[in-house]
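> give me coordinates for this.
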Amino acid sequence: MATLDMHEQEQVDALKAWWKENGKWAMAALLLALLSFAAVRGWQIWRAQQGQQAATLFAGVVQQMASNDPKRIGDAASAVVDKFGSSAYAPRAQLLAAQADIQAKDAAQAKSRLQWVIDHASEAGLQNAARLKLASLLLDEKDYAGALGLLDAKHPAAFDGLYADIKGDVLFAEGKADEARLAYQAALGKTDDKDVYHSLIQMKLDALEGAK
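Numbering: from 1, shown residues only. Model (predicted):
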């Protein structure tokens with residue numbers, strides 16, 4: 001791997017600082033968008049089978065999100081899991097609670113909830129959303145091997161860009177600029193160029209273009 005010159009290193013350091021400050025929010029926004037889409041589908045699939053009570057409990061989780069209180073959110077999510085663990089609402093509740101845990105810097109609880117979704121969700125979209133969030137947490141903890149192990153999991157083609165992007169982040173954090181560049185290039189090729197996420201990936205790739 002080539003050594004970055006001073007100007008290139010400044011670009012990379014600036015990018016790392018920006019991503020540390022803003023990257024989690026970008027991922028949170030993406031996760032919430034996935035949940036919004038999935039919630040509609042989940043309502044259609046499970047409304048008749050699970051009944052109004054499960055929907056009401058999940059609505060309680062959504063309402064508690066406004067409180068920004070991770071315990072209240074977590075308790076509401078646990079109620080859904082305890083009573084309707086096999087429903088489509090349970091993994092959605094766990095994902096929302098995990099996001100609250102992350103914001104409260106309770107990584108251990110967040111990881112437990114995300115692993116539950118990976119193990120129990122019946123929908124690939126929810127499993128992959130949880131896997132990507134968990135990989136990001138392991139990256140923060142410098143557990144690069146663990147993060148890469150999650151990112152090697154089979155997933156739908158629609159998630160290729162996201163997996164490649166976070167893999168680039170992990171490789172970059174390991175100091176593997178050449179491999180990170182390849183991952184970012186792959187992510188860029190799998191992302192709509194009109195998507196704001198495409199621009200974020202391009203920023204990271206631009207910061208590495210000097211490392212040959």
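
> let me see the contact set for residue 81.
Shown in contact with residue 81 (C-beta atoms under 8 Å, 6 or more residues apart in numbering): 90, 93-94, 116. All C-beta spots, glycine's among them, are computed from the backbone N, C-alpha and C.

> the helix or strand containing it: which residues count as buried?
Take DSSP states H and E as the rule and residue 81 turns out to sit in helix 70-84. In terms of neighbour count (16 or more other C-beta atoms under 10 Å), helix 70-84 has its buried residues at 70, 72-74, 76-78, 80-81, 84.

> following element in sequence after that helix, please.
helix 89-103.

> which helices and strands does that next one pack with?
On a contact count with 3 or more C-beta pairs under 8 Å, 6 or more residues apart in numbering; DSSP states H and E, helix 89-103 meets helix 6-65, helix 70-84, helix 107-120, helix 124-140.

> please compute how far that helix lies from its chain's middle.
On the basis of C-alpha atoms, centre = their mean, to the nearest Å, helix 89-103 sits 11 Å off its chain's mean C-alpha point.

> what do you get for stretch 59-68?
20 Å.

> and the average pLDDT for it is what?
Averaging pLDDT along stretch 59-68 yields 92.

> what comes into contact with it?
72-73, 76-77, 79-80, 92-93, 96-97, 100, 103.

> dump the residues you listed to TSV, plus distance to residue 185 and pLDDT.
Formatted as TSV, the contacts of stretch 59-68 follow (distance: C-beta to C-beta, whole Å; pLDDT from 0 to 100):
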residue	distance to residue 185	pLDDT
72	43	96
73	38	96
76	42	96
77	38	96
79	45	96
80	40	95
92	33	93
93	37	95
96	33	94
97	35	96
100	34	94
103	32	92
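
> farthest-separated two in the residues you listed?
79 and 103 (20.4 Å; C-beta to C-beta).

> if I look at the residue nearest the centre of the chain, what pLDDT would I see?
Using C-alpha atoms, centre = their mean, the residue of the chain that lies closest to the mean C-alpha position is residue 133, 2.9 Å off. Turning to residue 133, the model gives it a pLDDT of 94.
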